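# Pasting a predicted model and its sequence here:
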Amino acid sequence: MPDTPPIAGVPFSFFASLVRNIAAIQPSSNAVRAKRAQSVAGALEYPAATVFHRWAAAVRSKFSPLPAGTTAICFRLLFPEEDVRRKYDIQEPRMTKLLADCFGIDSSQFEKWGLEMASGCLGSELKVVLEKSCPHPDGFISPMSIAEVDALLDELSALSGFTHPSIRAKYPKPRRSRAEITRALFRTLAPEDAAILTQIVLKDLKPLLYPLSEFHYTIALTRFNTAAVKMLTKEHAMDVWDPTHRFLRFYRVRATLDEAAAFADLPERTSTNIQPTLGSPIAVPKSEKGLSCTHALDFLYGSDTVWAETKYDGERAQIHVEILPDGSSHITIFSKSKRDSTQDRHAVHHLVRAALGLSRKPSTAKVRQNVILDAEMVAFRGEKVAEFWHIRQLVEDTAHGIRGRRRSKVAIPYEHESMNSEENEGLSLGLVFFDILYLDSRSLLGMPYSKRRALLEAHIRTEPGKAILADRYPINMSSTLKAEDTLRRTFAAHIAQHEEGLVLKASDARYNDYRKPWVKLKKDYIPGHGDCLDMVILGASWEKVRGRSLRVSPSAYTTFYVGALENKKETFQKPPQPPKFHVYFTVSYGLDRKQLEDLNFWIKSSDPIPYASLIHQKYDLPFRVTVFQGLKPPPTVILRTPLVAELFGAGFTKAAHSQYYELRFPRIQKLHRPSERDWRDAVTLEKLHDVACKSVGREQASKETNDMVKALFGLPLSPSINSHVKREERMREAYAKLAESEGVTPSLLSLDKFVKDFKETQESPCSGRMPSSRAAPSTPLGQRQLRPLGSKTNVFHASEESAYMRRTIEISDQVKSTMELIIPGPSALLTPPNSSPPKRPASARVHNSTRPSKKAKITKPPSPFPPPIAPNIADIDAPEATVTAASPTPSPFPPDMDDDRILVWFSKSTVSSGVRPCATVKKCRASLTARPVHCLDSLLAGCGWTDSRREANFLKGIIIIDECDVSGAGMRWREWIRRTLSKEAAEAPQQKRIEVLVYGCTSGLLDRFA
């Protein structure tokens, strides 16, 4: 063979040798590892780090001086999951097609990589196929260097809209296709090198670094565990590459591989160079888990004060703000994964500027140059922090860039009224600030938490429902018993208020201080305190991520598909119908390896049905099953006999387009064999919804109806779920339960004093506002002057002081007409607050000439309540009634709402969210083809009002206000919208924004803002 030209830099085949040598390390069984642990040398053994140390030394020896960027390339290839700047939009199905096209091979030869008899690794399957069809001589070295491979990976990632803009800018259009780039990458590689590169593109190199030694599920689960191999972490690799530890220290301050590697390559490195900078994320501290109140405080003893900070249920946002010389500002936002999420979180940019005082003219900001803030992005409904799952839709509605363009236009039906999109209105994204890390080009990472918090409070302007400071509560650590009891009380209060939990922070701790770390305390961390349900397992599969962590092949089932009965009424009637289960979420955790092996044995021995064949064939099953379409991947098998499992989790959430609540972070606590419990003992979907509403603090949809009926008959009303009475009950119960679980007598502090102390804590000045992020419920029915009925239902005896009310009652959907009755008595005596006129009003009045002429007109909407009993006309002593038909009322809305280039926000006061929506608005919404949005922020962003650098992409914006609320909330809401738009119009860039029209459901056009 002719000599090949020398490769510039480190050959990719040399990098492949590192993977091969680490893969050659044999995993240790449980018995062997126990013997090694008895010796000091065995306990400290770290074979993967030793191999990497030898390889790093060889790189420097053979290829010195190393080309620029070598360190960064090596770490990007060895830890592809940490390469957050490059996204490929390629998973196994697409990769299979690209490889088949590249090598001219039938894709069926390796597309079954995830089936039971395969390895679960596409790269391994590719290697087997290539060694048979495209053999290379032993010792073959690919002519490609790691720098060339890295450049081609940049080009491949530039095709994804999620890749960092700096990489995409290097490859302007027209770009080569994925197939062309894939051929350039793979054609010259040996089979083993191609396998490694495949897994790098899939960002999943671990199955080749630490391959499985056993493929039978029983041996893999019982003789080995996750400690069978000690995997090389990026932190240990950094310390091996740079024994001075400055590489790792730099990464903790600027958490990007590129910058940290460039720093490691500098000939002279000092600690003064290790400073934060704008545009580079700071590593998020790793928190410890508190398994009890006592255990949580064990991490922080030695501090005088520990702060229990409310843990908000949102998405992490590290916010970098640079103030430019002309007074404008530039914002960059990083997510918890260190990904640049600036465009995704565009809806909170104006909140950041307002909180810092940058949106005012002239600026009132105390920040002069720049600042880095730590915050949680949450969903607000009014001043209340809403449930976590609302964030996803709000981000999709308001995001710029690729995430904003991928909005779904498919209408998804909702089963429960409480999850209807009409009830999701009034939501907006907001921020909860909890730390400040960098201020005016000065690092605050070494400053104690107490001083950082003081600076944060001095620089942030809070606005309820938009930007707030995290609530926090002091714990005096001078007495161990008192400190533990204080934390117990504070945690119980948060459980009672449906908060996610607490984060404990030592007052004297630096940011990311390993000696005094942050400690998370959540109820599901404590045995017996999470949300627990008996549910049905109906399917199983091997899931890639869980399979990797357990080190088992696809022959083992790692993930189980959970559902619940959805036709309880039909199942228990006579004659009964077959039960119908709906499968809509999965659980992969909770069982130890022996329990998991037992469950695998039971499923495999029960002759399960392949799910793929169930779709096309009929099986004689005693039940029916539906699988939620959004559940990816679908189950591999369906069980012939449902299994009842006791699941627990951290509250409840809802997946995108799902109709039902599901446990958040579910884990299996106990499995029941069919002989112990069958599916009849598990919760139904209806019961699960009730339990979930109680857990998240959501009132039952029937609550107002039940209270209305009780009020009519003079019965006492039940307190709302967020009333002080209910909250105090939950506080007492949680406090007693926490004390009991830790073996402490709750008499250390009487429950009465506990409640009183917490009420005083609610007035705490620590956060500058009321600590509870959960808004108080609206005025209960008992406070609406609703009087009970007399002895004769709907028969009234008017007094001279009685006012008259005129009410519209819809007779039938077929007739589409109404009658208006003049009835004496209090205006709120019979009906709940009305919200809208009927669809086609027509009047028929019954007049009484002896009555006063003063009337109060109240219209009756389509209502969830049963229609009231019509009054006895004879008892009213009225003359003969006359009926007059009215002509149909024209629509108050514009005729051009069938254009998807128009944004529409259906606005309704959150005060009247319990009232059914206006019939006119509902009809308009049902026939709408314009683009609906969920909040005012979304509409203004789409109309170009909130970003001076962005052109509006729509023709106009329309706001439709539901004015039908006799309580006056609709009118106040209309005025609030008018004031808000007037304020925004004064600040928004007029040359790039489009007009916004405001309509009322009864008034028609109200305002025009251009």
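Thanks, I have the structure now. Residues are numbered from 1 along each chain as shown.

# use CA for all of it now, contacts and neighbours both
OK.

# can you tell me which residues contact residue 400?
343, 344, 346 (C-alpha atoms under 8 Å, 6 or more residues apart in numbering).

# closest to residue 604 among those?
Checking those against residue 604 with C-alpha to C-alpha, the nearest one is residue 344 at 44.3 Å.

# In space, what's closest to residue 343 - neighbours in sequence excluded?
residue 400 (5.0 Å; C-alpha to C-alpha, 6 or more residues apart in numbering).

# Distance check, that neighbour against residue 938.
In this structure, residue 400 and residue 938 are 11 Å apart, going by C-alpha to C-alpha, to the nearest Å.

# Sketch out the low-pLDDT regions of the stretch 101-250 of the chain for me.
The stretch 101-250 of the chain contains residues with pLDDT under 70 at 110-118, 135-139.

# can you pull out the helices in the stretch 401-550 of the chain?
Counting by DSSP state H, counting those that start in this stretch, the stretch 401-550 of the chain has helices at residues 402-405, 449-459, 480-496, 544-550.

# Which among those is found nearest to residue 240?
Using C-alpha to C-alpha, these put helix 544-550 closest to residue 240, at 24.4 Å.

# just checking, what packs against the next helix or strand after the closest one?
Downstream of helix 544-550, the next assigned helix or strand under DSSP states H and E is strand 559-565. Judged by 3 or more C-alpha pairs under 8 Å, 6 or more residues apart in numbering; DSSP states H and E, strand 559-565 is in contact with strand 531-541, strand 580-587.

# Apply 10 Å and report the result again.
strand 531-541, helix 544-550, strand 580-587, strand 624-627, strand 637-649, helix 685-696 (3 or more C-alpha pairs under 10 Å, 6 or more residues apart in numbering; DSSP states H and E).

# Just say which of these is most tucked in.
strand 531-541 (a mean of 24; mean count of other C-alpha atoms under 10 Å).

# can you state the direction angle for that strand and strand 637-649?
On the basis of axes from the mean of the first three to the mean of the last three C-alpha atoms, to 10 degrees, strand 531-541 is oriented at 160 degrees to strand 637-649.

# List the residues that are in contact with both of residue 400 and residue 938.
Residues touching both residue 400 and residue 938 (C-alpha atoms under 10 Å, 6 or more residues apart in numbering): 346, 347.

# Out of the contacts of residue 400, who's the most crowded?
Ranked by the number of neighbours (other C-alpha atoms under 10 Å), those place residue 346 first, at 25 neighbours.

# In space, what's closest to that residue - neighbours in sequence excluded?
Leaving aside its sequence neighbours, residue 346 sits nearest to residue 399 (C-alpha to C-alpha, 6+ apart; 5.7 Å).

# related to what we said a few turns ago, SS state for the residue nearest to residue 343?
Recorded secondary structure, residue 400: coil (DSSP: H, G, I helix; E, B strand; the rest coil).

# Against residue 348, how distant is it?
Residue 400 is 12 Å from residue 348, where distance means C-alpha to C-alpha.

# Mutual contacts of those two, please.
With C-alpha under 10 Å, 6+ apart as the test, residue 400 and residue 348 both reach residue 342.

# Could you tell me how many residues sit around residue 347?
Residues near residue 347, counting by other C-alpha under 10 Å: 25.

# got it, and residue 54?
Neighbours of residue 54 (other C-alpha under 10 Å): 12.

# Next, the contact list for residue 194, please.
13, 16, 99, 123-124, 126-127, 130, 185-188, 200 are the contacts of residue 194 under C-alpha under 10 Å, 6+ apart.

# now do 8 Å
123, 126, 127, 186.

# who wins for most neighbours among the residues you listed?
residue 123 (29 neighbours).

# How far off centre is the helix or strand that that one is a member of?
Assigned by DSSP H and E, residue 123 falls within helix 122-133. Relative to the chain's own centre, helix 122-133 is displaced by 39 Å; criterion: C-alpha atoms, centre = their mean, to the nearest Å.

# what's the answer for stretch 91-105, then?
Per C-alpha atoms, centre = their mean, the displacement of stretch 91-105 from the mean C-alpha position of its chain is 33 Å.

# Same check on stretch 1002-1010?
So, by C-alpha atoms, centre = their mean, the centroid of stretch 1002-1010 is 36 Å from its chain's centroid.

# who touches that stretch?
Counting by C-alpha under 8 Å, 6+ apart, 892-893, 963-964, 978, 981-982, 985, 990, 993-1000 sit against stretch 1002-1010.

# Of these, which belong to helices?
978, 981, 982, 985 (DSSP state H).

# Let me have the residues you listed in JSON lines, extended by neighbour count, pLDDT and distance to residue 522.
Output for those, formatted as JSON lines (neighbours: other C-alpha atoms under 10 Å; pLDDT from 0 to 100; distance: C-alpha to C-alpha, whole Å):
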{"residue": "978", "neighbour count": "17", "pLDDT": "84", "distance to residue 522": "42"}
{"residue": "981", "neighbour count": "21", "pLDDT": "86", "distance to residue 522": "41"}
{"residue": "982", "neighbour count": "12", "pLDDT": "85", "distance to residue 522": "43"}
{"residue": "985", "neighbour count": "18", "pLDDT": "80", "distance to residue 522": "44"}
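
# nearest to residue 524, of those?
residue 981 (43.5 Å).

# So that closest one versus residue 974, what's the distance?
11 Å.

# can you check residue 579 too?
With C-alpha to C-alpha as the criterion, residue 579 and residue 974 are 49 Å apart.

# thinking again about what came up before, out of the contacts of residue 194, which comes closest to residue 71?
Within the contacts of residue 194, the smallest distance to residue 71 is 22.8 Å, found for residue 186 (C-alpha to C-alpha).

# Does the closest one touch residue 102 like I think?
Yes. Using C-alpha atoms under 8 Å, residue 186 is in contact with residue 102, at 7.5 Å.

# what's around the closest residue to residue 900 other than its chain neighbours, how many residues?
Leaving aside its sequence neighbours, residue 900 sits nearest to residue 930 (C-alpha to C-alpha, 6+ apart; 4.0 Å). By other C-alpha under 10 Å, 18 other residues sit near residue 930.

# where along the stretch 151-300 of the chain do the helices fall?
Counting by DSSP H, counting those that start in this stretch, the helices of the stretch 151-300 of the chain are 165-168, 178-186, 191-201, 206-209, 217-222, 234-241, 246-253, 257-264, 293-298.

# quick one: which of the ones you listed is nearest residue 743?
Here helix 293-298 is closest among the helices of the stretch 151-300 of the chain (C-alpha to C-alpha), at 10.7 Å.

# next SSE after that closest one?
Next along the chain from helix 293-298, counting by DSSP H and E, comes strand 305-311.

# What's the first helix or strand after that next one?
strand 315-323.

# From the chain's centroid, how far away is the very next helix or strand once past that next one?
Remark: after strand 315-323, the chain's next helix or strand is strand 329-334, criterion DSSP H and E. Centroid displacement of strand 329-334 relative to its chain, using C-alpha atoms, centre = their mean, is 22 Å.

# Nice, that's everything, thank you.
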